[in-house]
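Engineer: Dropping the sequence and predicted coords here.
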Amino acid sequence: MVRSIGADHVVDYAREDFTRKDRRYDFILDNVANHSLSDLRRALAPTGTLVPNGGGFDNRWFAGGGRVVGAHVLDRFVSHTLRPFLVSPKLEDLVVLKELIEAGKVTPVIDRVYPLSEASQAIGHVGGGHARGKVAVTV
Ligand SMILES: NC(=O)c1ccc[n+]([C@@H]2O[C@H](COP(=O)([O-])OP(=O)(O)OC[C@H]3O[C@@H](n4cnc5c(N)ncnc54)[C@H](OP(=O)(O)O)[C@@H]3O)[C@@H](O)[C@H]2O)c1
């Protein structure tokens, strides 16, 4: 699926740990938080950028919060750029996304669509951590 939407190189996390290989990346968007910041930095090119984006939900109190704070602090002292971000949906951004989709430059992947009456099942499916793409609720 990932190749079909344009990826040139795909890593299967069940078979290999990308932080233990020789390849170095200019940009890592970490959606999972199952590697330490130092492991992720080892996989970055010397002036690469790491965005710790979420995950870490096995930590009941802080989720990925500790890594976000750690990245902020480290960012001042290392050659890498470590920048957490928090999405804030804006109409202008959604219009740009819509145009990219219409131009065929971004391919959205919808895993499942639920009616509003089944919103709790939709949330349960996302909470399982293996939704393949996005989960939509129709209103
Ligand atoms: N910063 C923000 O403002 C913001 C906003 C929204 C979401 N987020 C974060 O973005 C992340 C992605 O969200 P999501 O909605 O796409 O849901 P998600 O449930 O985190 O993503 C599901 C996907 O993750 C893959 N996956 C599960 N374990 C993995 C592992 N150990 N290594 C690599 N891939 C793994 C699954 O593939 P398999 O089925 O093959 O395991 C599935 O394709 C979450 O951490 C969320 O908290 C951040």
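Structural biologist: Structure received. Please read these numbers as outputs of a predicted model, since none were measured by experiment.
Engineer: Dihedrals phi and psi, residue 115?
Structural biologist: phi -70, psi 160 (degrees, to the nearest 10).
Engineer: beta partners of it?
Structural biologist: Beta-bridge pairing of residue 115 under DSSP bridges involves residue 138.
Engineer: For residue 123, see how far away it is.
Structural biologist: Going from residue 115 to residue 123 by C-beta to C-beta, to the nearest Å gives 13 Å. C-beta: built from backbone N, CA, C; applies to glycine.
Engineer: Same check on residue 14?
Structural biologist: 25 Å.
Engineer: more crowded one of the two?
Structural biologist: Legend: neighbour count by other C-beta atoms under 10 Å for residue 14 and residue 123, higher for residue 123 (13 against 5).
Engineer: just checking, that one is part of a helix?
Structural biologist: Yes: counting by DSSP: H, G, I helix; E, B strand; the rest coil, residue 123 is located in a helix.
Engineer: pLDDT wise, what is the closest residue to residue 10 other than its chain neighbours at?
Structural biologist: Once flanking residues are discounted, residue 10 sits nearest to residue 2: 5.1 Å by C-beta to C-beta, 6 or more residues apart in numbering. At residue 2 the predicted local distance difference test score is 93.
Engineer: Give the phi and psi angles for residue 2, as a check.
Structural biologist: Phi and psi for residue 2, reported as degrees, to the nearest 10, are phi -60, psi -40.
Engineer: Right, I'll leave it there.
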